[in-house]
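Student: Here is a sequence together with a model predicted from it:
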Amino acid sequence: MKTTRKLIIYLLVVHLAILLLVWLADFPAWVIICSEILVIISAVLGIRWADRMDKQQQIITSSIENLKSQDLTLQLKETGNEEFDTLVGLYNSMIENLRSERVATNELNYFLASIIRASPSGIVLFDYDNLIKSVNPAAENLLGTEEKALLGKGRDELPGEIADVLYYDRPEWNVVKRDVNNIIRVYGGRFINRGFETRFVLFEDFSKEIYAAEKASYDTIVRMMGHEVNNTTGAVNSVLDTYIDRHDDTFSRTFKIIRERNDNLGSFMKKLSDIVRLPDPDLMEFDLAPVIRQVMVLVRARFNDRSITWALNPPEGSFTVRADQAQMEQALINILTNAAEAISHEGCVEVEYEEINRTLFVRNDGEPLSEEQQQKAFTSFFTTKEKGKGIGLMLTREILDRHVCRFYLKKIEDGRTEFGVRFQPLPNI
């Protein structure tokens with residue numbers, strides 16, 4: 001029972017008792033009349049005070065319900081009671097402050113969420129149990145894994161290379177290599193969420209910065225070397241040609257060998273210069289499948305001295321891409337040549353393409369790559385061949401980078417080496 005109802009009942013009992021005593025006692029008529037008037041006035045005032053108290057209690061109850069439901073839009077009305085209205089004013093002021101803080105917090109949270117979604121850096125948040133709670137689009141792209149495959153997972157439930165990135169837990173930047181073409185720089189930190197400490201990890205693709213620095217370095221070196229080599233070999237070849245044309249002796253035969261060596265050196269410098277001066281791709285849609293078949297025939301002819309089986313899967317079909325056909329043909333020549341050169345005597349080179357997934361795979365069962373070779377395969381001038389120059393994969397990387405392709409070179413589970421290329425989706429027309 002409410003306090004106001006108890007007060008009303010109490011007032012009724014008291015006033016009825018007073019009236020009963022007055023009527024039972026032997027008082028003059030005017031005393032009885034005056035007593036009745038006073039009782040009536042007292043009852044009316046008591047009922048008014050009870051009503052005012054009831055309104056105040058309703059206001060208190062309403063404010064409690066608002067706080068429970070976290071409804072900060074409603075404010076209380078003044079009752080006319082100076083003391084109680086002071087309390088109402090404090091409540092309304094508190095509600096207004098809470099509402100302003102909530103609006104500011106929501107706006108800030110929305111702003112931060114928008115930044116996280118739009119950030120080019122991968123951002124992953126964890127819950128209090130150190131399980132993945134949130135993954136932004138950049139993180140999905142950098143890890144090559146969809147958000148639904150990561151949410152709620154712990155370290156033991158993730159592939160090792162992904163776990164090494166997401167569970168890096170030091171408040172300083174560190175470089176983690178995931179494969180030959182994806183170098184990730186990562187930062188691990190902590191923050192307070194609702195009074196409890198939790199983790200976050202921030203990471204970004206560091207490959208482009210490293211490759212840009214490498215490319216700037218060898219661009220300068222190649223230009224300088226090309227200038228000096230061409231000037232020197234040009235003058236030397238001119239003198240050698242003059243002697244060779246006029247004589248047929250031991251010196252002439254020796255000078256011919258020197259001339260051929262100079263030509264080879266000039267050819268080497270031309271290949272380096274082609275990488276430096278590689279033009280932007282002339283993009284157009286075309287079927288890559290016939291190009292793959294033609295390149296396989298071309299490269300196969302160079303390795304007739306080895307027992308290499310060449311397989312194409314599917315042997316017929318189409319694979320439409322948007323690329324520069326001449327540059328992509330050169331990249332395929334380099335990829336297939338490297339695959340064939342990995343086979344010393346007998347083996348198989350398999351080419352597979354999937355138009356739905358926009359991927360191309362070139363596999364060989366030659367000498368598998370070591371962990372160090374996988375990491376350094378696309379490093380400038382790196383080669384595992386005795387007479388190699390490390391130019392083929394440099395040019396291949398430059399072409400694929402310009403086409404915004406994702407690619408890798410690694411040893412797969414069956415021991416074979418796989419070169420994978422994923423092309424960009426075709427534009428919607």
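Tutor: Looks like it came in fine. Numbers count the residues shown, from 1 in each chain.
Student: any idea how far the residue nearest to residue 255 when sequence neighbours are not counted is from residue 185?
Tutor: Excluding the flanking residues, the one nearest residue 255 by CB to CB, 6 or more residues apart in numbering is residue 240, at 4.6 Å. All C-beta spots, glycine's among them, are computed from the backbone N, C-alpha and C. According to CB to CB, to the nearest Å, residue 240 stands 52 Å off from residue 185.
Student: still on that earlier bit, I'd like the distance between the residue nearest to residue 255 and residue 246.
Tutor: For residue 240, the distance to residue 246 - CB to CB - is 11 Å.
Student: Comparing these two, which shows the higher neighbour count?
Tutor: Using other CB atoms under 10 Å, the more surrounded residue of residue 240 and residue 246 is residue 240, with 19 against 8.
Student: Make sure I have this right: that one is in a helix.
Tutor: Yes: using DSSP: H, G, I helix; E, B strand; the rest coil, the assignment for residue 240 is a helix.
Student: pretty sure it contacts residue 257?
Tutor: No: look at residue 240 against residue 257 with CB atoms under 8 Å: they stay out of range, at 10.1 Å.
Student: returning to that earlier point: the residue nearest to residue 255: what's it in contact with?
Tutor: Going by CB atoms under 8 Å, 6 or more residues apart in numbering, residue 240 touches 255-256, 258-259, 262.
Student: for residue 368, same thing?
Tutor: 411, 415-417.
Student: try residue 126
Tutor: Neighbours of residue 126 in contact, by CB under 8 Å, 6+ apart: 132-133, 198-201.
Student: Phi and psi next, for it.
Tutor: phi -120, psi 160 (degrees, to the nearest 10).
Student: that older thread, can you add secondary structure and neighbour count and give the contacts of residue 126 back as a markdown table?
Tutor: What follows is the contacts of residue 126, written out as a markdown table (DSSP: H, G, I helix; E, B strand; the rest coil; neighbours: other CB atoms under 10 Å):
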| residue | secondary structure | neighbour count |
| --- | --- | --- |
| 132 | strand | 24 |
| 133 | strand | 18 |
| 198 | strand | 16 |
| 199 | strand | 20 |
| 200 | strand | 17 |
| 201 | strand | 20 |
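Student: any idea which of the residues you listed is the one closest to residue 93?
Tutor: When the contacts of residue 126 are compared for distance to residue 93 (CB to CB), residue 198 wins out at 33.6 Å.
Student: quick one: that closest one from residue 240, how far?
Tutor: Relative to residue 240, and taking CB to CB, residue 198 is found at 74 Å.
Student: do residue 399 as well
Tutor: 36 Å.
Student: Also residue 113?
Tutor: Note on residue 113: its distance to residue 240, by CB to CB, is 71 Å.
Student: show me the contacts for the closest residue to residue 141 other than its chain neighbours.
Tutor: Distances taken as CB to CB, 6+ apart put residue 122 closest to residue 141, at 7.7 Å, once the chain neighbours are dropped. Contacts for residue 122 (CB under 8 Å, 6+ apart) come out as 135-136, 138-143, 201-204.
Student: Filter these down to the buried ones.
Tutor: Neighbour counting with 16 or more other CB atoms under 10 Å marks 135-136, 138-140, 142-143, 201-204 as buried within the contacts of residue 122.
Student: quick one, domains of this protein?
Tutor: Domain assignment for the chain, taken from automatic domain parsing, gives 3-102, 119-205, 211-276, 284-422.
Student: Which of those comes out lowest on mean pLDDT?
Tutor: Note on the domains of the chain: domain 3-102 shows the lowest mean pLDDT, a mean of 66.
Student: Tell me which stretches of this structure form helices.
Tutor: 3-24, 29-69, 82-118, 137-143, 160-166, 207-246, 250-276, 288-302, 325-341, 371-376, 392-402 (DSSP state H).
Student: one step back: for residue 352, state which of the buried ones among the contacts of residue 122 is nearest.
Tutor: residue 143 (24.1 Å).
Student: Surely that closest one is in contact with residue 162?
Tutor: Yes: at 5.6 Å, residue 143 counts as touching residue 162 under the criterion of CB under 8 Å.
Student: Could you single out the nearest of the contacts of residue 126 to residue 106?
Tutor: Of the contacts of residue 126, the one sitting nearest to residue 106 (CB to CB) turns out to be residue 133, at 19.2 Å.
Student: Let me know the distance separating the closest residue to the closest one other than its chain neighbours from residue 198.
Tutor: Using CB to CB, 6+ apart and skipping residues adjacent in sequence, the residue nearest residue 133 is residue 127, 4.4 Å away. Per CB to CB, residue 127 is found 7 Å from residue 198.
Student: and what of residue 95?
Tutor: Counting by CB to CB, the gap from residue 95 to residue 198 is 30 Å.
Student: For the nearest residue to residue 362 once chain neighbours are set aside, the count of nearby residues, please.
Tutor: Nearest non-adjacent residue to residue 362, counting by CB to CB, 6+ apart: residue 419, 4.5 Å away. Around residue 419 there are 23 other residues, counting by other CB under 10 Å.
Student: Show residues contacting the longest strand seen in the chain.
Tutor: Ranked by residue count and defined by DSSP state E, the top strand of the chain is strand 182-193. With contacts defined as CB under 8 Å, 6+ apart, strand 182-193 is touched by 128, 142, 165, 167-178, 197-207, 210, 408.
Student: The residue nearest to residue 170 when sequence neighbours are not counted - how many residues pack around it?
Tutor: Leaving aside its sequence neighbours, residue 170 sits nearest to residue 188 (CB to CB, 6+ apart; 5.5 Å). As a burial measure, residue 188 scores 20 neighbours (other CB under 10 Å).
Student: how close does residue 188 sit to residue 130?
Tutor: Applying CB to CB to residue 188 and residue 130 gives a distance of 12 Å.
Student: With residue 316 instead?
Tutor: The separation that residue 316 has from residue 130, given CB to CB, amounts to 51 Å.
Student: quick one: which of those two has more around it?
Tutor: Set residue 316 next to residue 130 and count neighbours by other CB under 10 Å: residue 130 wins out with 13 against 7.
Student: which residues sit in contact with the more buried one?
Tutor: Counted by CB under 8 Å, 6+ apart, residue 130 has contacts 154-155, 199.
Student: For those, could you give me JSON lines that also reports distance to residue 104?
Tutor: Formatted as JSON lines, the contacts of residue 130 follow (distance: CB to CB, whole Å):
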{"residue": "154", "distance to residue 104": "35"}
{"residue": "155", "distance to residue 104": "36"}
{"residue": "199", "distance to residue 104": "26"}
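Student: now, which of those residues sits nearest residue 250?
Tutor: residue 155 (71.7 Å).
Student: The contacts of residue 368 in strands, which ones?
Tutor: Short answer: the contacts of residue 368 in strands (DSSP E) are 411, 417.
Student: Kind regards, and thank you for your time.
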